[in-house]
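Student: coords please:
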Amino acid sequence: MLSTKTFLSLDFGSGSLKLAEFEVAETGGLRLKQFGVRPLGLLGSQDAAREGLLKKAFAELVAERPISGKLANVCAPGYQVFNKFVKLPPVDSSKAAQIIQYEAQQNIPFPLSEVVWDYQKVGTTPDGAMEVLLVAIKSDLVESIFRTTADSGRSLQVVDVSISALSNAYRYTYGQSSDECVMLLDIGAKTSSVLFFEKGRFFCRSLNVGANAITQEFAAEAKMAFAQAEQFKISEGFVSLGGAFEEPDNQRQAQISKIARNVLTRLHIQINQTIQFYQKQADGTTPVKIYLAGGGSTLPYTAEFFAEKFGVPVEYFNPLQNVEIAPEVNLDELQKTAHSMGELVGLALRNLAECPLELNLVPKRVRESQKLEMKKPFFVASVAALVVGLFALGWFYGNKMVAPKKRALSEIEQKIAQLEGPSTQISAEKSKISKVQTELGQMTEWVGERFLWFDILSQLHQAAAETQQEASEILSADTGREIKAGLWVEQFLPELPDMEVGLEEPGSSSGSDSAAVSAMAMRRMLTMRRGGGRGGGAAANMSSSYADLLKMGAEIGGESAPANTNEIREIKLICKGVNLNQLRVTANDELAFRFEEKIKSMTNLFDVSATGLAAQSAMTNAYANTFTFNVKLKLKTPVKI
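Tutor: Predicted structure coming up:
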């Protein structure tokens with residue numbers, strides 16, 4: 001919870017900028033002092049132009065009304081924010097943060113170094129699993145929000161997201177819990193949000209349908225500019241009720257009413273899919289009531305459309321129901337936009353009390369800078385007081401304390417001289433301990449490497465077995481008879497650091513005889529053979545698709561980096577399989593690809609970015625019993641030798 005006399009709520013939507021100034025009323029609740037809205041047009045949803053548009057709109061709103069608040073809470077637009085609900089297994093609270101960090105890395109579609117992200121626990125399932133809401137936004141977008149508020153002389157305190165602010169506003173307005181499911185539908189310019197409230201639980205999802213779609217389709221059909229089409233939509237547009245209802249005489253009204261109905265129908269389909277997902281994944285029930293919010297819900301007959309589609313009561317969300325209105329506020333203008341001020345109320349509540357959802361996407365750097373600025377006056381005053389106090393203390397006690405301090409210093413120096421001998425001995429012993437620890441660490445590493453080769457061979461063996469089993473099942477199902485696929489590793493070749501050994505064709509030779517002898521000594525001819533299969537047949541050339549496969553593998557492998565002089569970094573496999581091209585021309589390709597996928601799943605052993613199919617070993621007869629392909633393995637942890 002934040003606290004100040006007056007504070008600003010800013011909703012940086014994709015279609016408009018909404019501003020409201022609040023203060024804490026004498027009753028302890030919120031009081032609205034000022035508000036304003038500025039449309040941003042189609043450019044408002046284009047990141048390259050947004051910052052300039054927002055700064056201009058913000059400056060205009062502040063210039064038109066007496067705004068005194070200097071602290072600002074901002075809501076980022078829904079289309080720029082990633083959000084997802086994840087379920088975590090029951091774990092100790094000390095490990096929850098690590099698991100959430102891992103889930104964020106897996107689910108957020110950007111590197112965590114490029115985003116600002118936050119999370120909050122929102123509930124617990126009956127089986128004890130923890131439900132967590134993850135949100136994230138690109139760092140450069142947050143920096144743009146920070147610059148917009150800073151250029152206006154305001155201090156950014158909170159960067160919230162639409163779903164969080166709406167959830168807090170809804171619970172403040174209608175209470176914390178409801179035994180029946182209630183749905184809040186917020187229709188924005190570019191995206192829409194669906195929120196479910198049921199028995200104290202909360203669930204939400206963002207949909208990629210917004211009111212701008214109506215304007216864009218109408219502008220294209222009526223051949224007019226977006227701004228003109230938007231103005232016509234606001235002043236004369238409505239949602240067609242369809243069926244037996246008579247169309248208006250105005251042709252453009254008829255056009256936009258049909259377009260609005262089509263867009264809302266697409267939105268209705270996505271909402272239905274979301275309800276089904278909510279019921280299956282979150283054990284929710286069907287909504288018994290719907291609240292409409294957002295600027296996109298202002299078209300006449302929008303409520304009637306959704307009431308017809310869902311068969312439940314539909315009302316407009318009133319986030320100002322429990323908010324006092326200052327006398328200077330224009331009530332007529334407020335009534336037009338009240339239902340779209342949910343985010344503004346939710347942002348203001350962050351300054352009033354602890355909220356159910358308290359997400360904050362302000363970068364850590366900005367937070368630390370703000371804390372330092374707030375503490376700076378106290379720090380300066382403390383330093384000044386300390387200096388004055390020390391000066392007075394030194395002036396008053398200087399003569400009486402200097403002599404005793406000198407005697408004490410002399411005694412301390414004598415004691416230090418006596419301790420210098422033992423100190424030298426202790427340093428020598430510490431050096432020995434450090435050396436022993438280093439040797440112990442090296443021995444521990446060697447012991448670990450003893451088991452690495454066993455792990456590699458075991459997992460390769462399992463991958464080959466699973467590959468041929470899956471291939472057998474697929475081919476048997478396709479042909480209607482029992483087919484046995486076969487796959488094994490013909491040669492297992494660790495690449496030694498003191499020579500270069502390529503994946504060569506069987507029977508070919510390269511390099512010096514001594515290098516070949518050393519390679520053979522190290523390879524040990526490790527093989528894994530499983531399965532049977534069918535071979536034989538007339539001579540034919542190998543399929544071009546398999547050649548393409550191995551060319552692709554060569555591109556994946558690339559040129560090997562120079563090996564360390566005392567490490568094994570790569571392993572080369574020469575693999576063979578039972579030739580299945582008589583059954584299906586792509587059967588050998590599929591077997592090789594499937595084996596490659598199995599190997600790439602071994603992320604604990606191999607660097608998958610440099611692991612894959614390598615250069616081809618020629619097979620001149622497509623009806624031979626076997627075919628050959630090569631695999632390059634890049635060890636995730638090099639083995640020292």
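Student: Wasn't Gln321 part of a helix?
Tutor: No. Read with DSSP: H, G, I helix; E, B strand; the rest coil, Gln321 is coil and lies in no helix.
Student: Going by secondary structure, the nearest residue to it once chain neighbours are set aside is in what exactly?
Tutor: Among residues not flanking Gln321 along the chain, Thr173 sits closest, at 5.0 Å (C-beta to C-beta, 6 or more residues apart in numbering). (C-beta placed from N, C-alpha, C; glycine too.) Assigned by DSSP states H and E, Thr173 belongs to helix 162-174.
Student: Which elements pack onto the helix or strand following that helix?
Tutor: Downstream of helix 162-174, the next assigned helix or strand under DSSP H and E is strand 182-187. Contacts defined by 3 or more C-beta pairs under 8 Å, 6 or more residues apart in numbering; DSSP states H and E place strand 182-187 against helix 162-174, strand 192-198, helix 251-281, strand 289-293.
Student: Mind listing residues that contact the second one?
Tutor: Spelled out, that is strand 192-198. Residues outside strand 192-198 that contact it (C-beta atoms under 8 Å, 6 or more residues apart in numbering) are 78, 162-163, 166-167, 170-171, 177-186, 202-207, 209-210, 267, 271, 274, 278, 282, 284-285, 287, 294, 296.
Student: Leaving out chain neighbours, which residue sits closest to the residue nearest the centre of the chain?
Tutor: Residue closest to the average C-alpha location in the chain (C-alpha atoms, centre = their mean): Ile108, at 1.4 Å. Excluding its sequence neighbours, the residue lying closest to Ile108 (C-beta to C-beta, 6+ apart) is Ala136, at 4.7 Å.
Student: Most tightly packed of the helices and strands packed on strand 182-187?
Tutor: helix 162-174 (a mean of 25; mean count of other C-beta atoms under 10 Å).
Student: And that one, what does it pack against?
Tutor: strand 71-76, strand 182-187, strand 192-198, strand 201-207, helix 342-349.
Student: secondary structure class for Val122?
Tutor: Applying three-state DSSP: Val122 is strand.
Student: what about Phe146, neighbour count?
Tutor: 18 (other C-beta atoms under 10 Å).
Student: which element is it on?
Tutor: Applying DSSP H and E, one finds Phe146 within helix 139-151.
Student: hang on, the earlier thing: now do the helix or strand where the residue nearest to Ile108 lies and helix 162-174, the angle between them.
Tutor: In this assignment (DSSP H and E), Ala136 forms part of strand 130-138. Relative orientation of strand 130-138 versus helix 162-174 (axes from the mean of the first three to the mean of the last three C-alpha atoms, to 10 degrees): 130 degrees.
Student: Quick one: distance of strand 130-138 to the chain centre.
Tutor: 8 Å (C-alpha atoms, centre = their mean, to the nearest Å).
Student: tilt between that strand and strand 71-76?
Tutor: Using the same axes, to 10 degrees: strand 130-138 against strand 71-76 is 100 degrees.
Student: So what are the sheet partners of strand 130-138 and their directions?
Tutor: Strand 130-138 has the following strand partners under DSSP bridges: strand 81-88 (antiparallel), strand 115-124 (antiparallel).
Student: What are the contacting residues of the longest one?
Tutor: Applying C-beta under 8 Å, 6+ apart, the contact partners of strand 115-124 are 82, 85, 100, 104, 108, 130-139, 142, 159, 200-203, 357-363.
Student: ok, 6 Å please
Tutor: Strand 115-124 is touched from outside by 100, 104, 130-139, 142, 201-202, 357, 359, 361, 363, with contacts defined as C-beta atoms under 6 Å, 6 or more residues apart in numbering.
Student: And the shortest one, by the same measure?
Tutor: Residues external to strand 81-88 that are found in contact with it (C-beta under 6 Å, 6+ apart): 99, 103, 107, 129-137, 161.
Student: Make CSV out of those and add distance to Asp607.
Tutor: Putting these into CSV (distance: C-beta to C-beta, whole Å) gives the following:
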residue, distance to Asp607
Ile99, 25
Glu103, 24
Asn107, 23
Ala129, 33
Met130, 33
Glu131, 35
Val132, 31
Leu133, 34
Leu134, 28
Val135, 32
Ala136, 27
Ile137, 31
Val161, 36
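Student: Tell me the one of those nearest Leu580?
Tutor: Asn107 (38.8 Å; C-beta to C-beta).
Student: The closest one: how many residues sit nearby?
Tutor: There are 14 residues near Asn107, going by other C-beta under 10 Å.
Student: for it, phi and psi?
Tutor: In terms of degrees, to the nearest 10, the main-chain angles of Asn107 are phi -100, psi -30.
Student: leaving aside the residues next to it on the chain, what's closest to it?
Tutor: Lys84 (5.4 Å).
Student: Likewise for Tyr291?
Tutor: With C-beta to C-beta, 6+ apart, the residue lying closest to Tyr291 is Phe317, at 4.2 Å.
Student: Not counting its neighbours along the chain, what's nearest Ala59?
Tutor: Ser152 (6.7 Å).
Student: Just confirm the one you found contacts Phe58, I think it does.
Tutor: Yes. Between Ser152 and Phe58 there is a contact under C-beta atoms under 6 Å: 5.4 Å.
Student: Select the helix or strand of the chain having the lowest average pLDDT value.
Tutor: Lowest mean confidence among the helices and strands of the chain (mean pLDDT, DSSP states H and E): helix 513-523, at a mean of 39.
Student: any chance of the helices and strands packed on strand 182-187 in TSV, plus mean pLDDT?
Tutor: Formatted as TSV, the helices and strands packed on strand 182-187 follow (pLDDT from 0 to 100):
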stretch	mean pLDDT
helix 162-174	93
strand 192-198	94
helix 251-281	94
strand 289-293	96
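Student: Can you add distance to Leu344 and give those back as TSV?
Tutor: TSV is the format used below for these (distance: least, C-beta to C-beta, whole Å):
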stretch	distance to Leu344
helix 162-174	8
strand 192-198	15
helix 251-281	23
strand 289-293	11
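Student: and of the ones you listed, who's closest to Asp47?
Tutor: helix 162-174 (16.9 Å).
Student: Run through who's touching the closest one.
Tutor: 75, 78, 184, 186, 193, 202, 204, 319, 321-322, 342-343, 345-347, 349, 355-357, 359.
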